[in-house]
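Asker: Got a sequence here, can you build the structure:
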Amino acid sequence: MSVIAFAIRVVLVGCFVGFLAIPSHSEDAKPSGDAANPSATPAAPATPVDDFGKEYRQFKEQLTDLPKKIEETSRLVEGRTTAGSTRAQIDALRAIVSTALAQIVDNGPVAKLGQTALNFTRQKLTDLQQDTHYTKEQREYLIKQWTTTSRLTSGAVDELEAARKELTGLLKILQSNDDYIGELEALNNAAKTVEVIRDLSNGLREISGHLKVLLQRMNSPSM
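Answerer: The predicted structure follows:
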């Protein structure tokens, strides 16, 4: 079959499928008894033209969406294969690490706030022991409660110090290995790129599958 004849056949079949899809106004205006009772007559079996029309619609929808899918895939691949994108992510990580370290290093804000809380409770105890305007019973009760609070604060500050020092050490290790982390990030991006490319390949194969069915049905004697 020549290319021109093949194209004419595709157009004719497409027109025929479109004609079949046009609803009948006379039937819509006056439903028959069978239409009022769908269970009265079984649905007619699908014809080769019906099957062709369904396959054709699916194929056309997928083919219409293909340019957008290719564009999205290209954008993702480009973004993940550009060295600058990985470097930008590492630079952002460096900034986060530096900011965190500035907060938790020795004599930093975190270390100072713990010591401030502990100094407060100890000062309260000192003041109460020298305060004479409370009764003996009141002073003894307050001293007992602040002693307990000071002990609990000291334990909490010790926990904070241990956590602070541990995180400080780990962040410094991370900071000294940021180039290696950059390579790991590049590998991670490359793995995601493989997934994106495979997804596009599956989409192309699915479209090809529908097209093969269409071509087989067009060349079938029943068509």
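
Asker: what's around residue 168, how many residues?
Answerer: Other residues within reach of residue 168, judged by other C-beta atoms under 10 Å, total 19. Quick note: C-beta positions are derived from backbone N, CA and C, even for glycine.

Asker: With adjacent residues omitted, what lies nearest to it?
Answerer: Excluding its sequence neighbours, the residue lying closest to residue 168 (C-beta to C-beta, 6 or more residues apart in numbering) is residue 104, at 5.3 Å.

Asker: What pLDDT does the model give that neighbour?
Answerer: Reported pLDDT at residue 104 in the predicted model: 92.

Asker: just residue 218 next, same as before
Answerer: At residue 218, pLDDT is 80.

Asker: so it touches residue 51, yeah?
Answerer: No: Residue 218 lies out of contact with residue 51 (C-beta atoms under 8 Å); the separation is 11.6 Å.

Asker: residue contacts, residue 103?
Answerer: Listed by C-beta atoms under 8 Å, 6 or more residues apart in numbering, the contact set of residue 103 reads 109-110.

Asker: how about it, secondary structure?
Answerer: The three-state label given to residue 103 by DSSP: H, G, I helix; E, B strand; the rest coil is helix.

Asker: and it, how far is that from residue 96?
Answerer: Separation of residue 103 from residue 96 (C-beta to C-beta, to the nearest Å) stands at 11 Å.

Asker: Ok, residue 70 next?
Answerer: Taken as C-beta to C-beta, the span from residue 70 to residue 96 is 35 Å.

Asker: same question, residue 75
Answerer: 26 Å.

Asker: Need the pLDDT of the residue nearest the centre of the chain.
Answerer: The residue lying closest to the centre of the chain (C-alpha atoms, centre = their mean) is residue 192, at 12.4 Å. Here, the pLDDT recorded for residue 192 equals 85.

Asker: next one: residue 116
Answerer: Looking at residue 116, its pLDDT reads 93.

Asker: Same check on residue 145?
Answerer: pLDDT recorded at residue 145 is 94.

Asker: repeat for residue 25
Answerer: 43.

Asker: ok, now residue 160?
Answerer: 94.

Asker: any idea how far the residue nearest to it when sequence neighbours are not counted is from residue 96?
Answerer: Nearest non-adjacent residue to residue 160, counting by C-beta to C-beta, 6+ apart: residue 114, 4.7 Å away. Distance, residue 114 to residue 96, by C-beta to C-beta: 23 Å.

Asker: With residue 71 instead?
Answerer: 32 Å.

Asker: cool, and residue 131?
Answerer: Distance of residue 131 to residue 96, given as C-beta to C-beta: 47 Å.

Asker: Over to residue 116?
Answerer: Distance, residue 116 to residue 96, using C-beta to C-beta: 26 Å.

Asker: Check which helices and strands the strand or helix carrying residue 181 is in contact with.
Answerer: Element membership for residue 181, per DSSP states H and E: helix 178-218. Helix 178-218 is packed against helix 3-21, helix 48-80, helix 83-104, with contacts defined by 3 or more C-beta pairs under 8 Å, 6 or more residues apart in numbering; DSSP states H and E.

Asker: Pull out the buried residues from the second one.
Answerer: By neighbour count on 16 or more other C-beta atoms under 10 Å, the buried set for helix 48-80 is 52-53, 55-56, 58-59, 62, 73, 76-77, 80.
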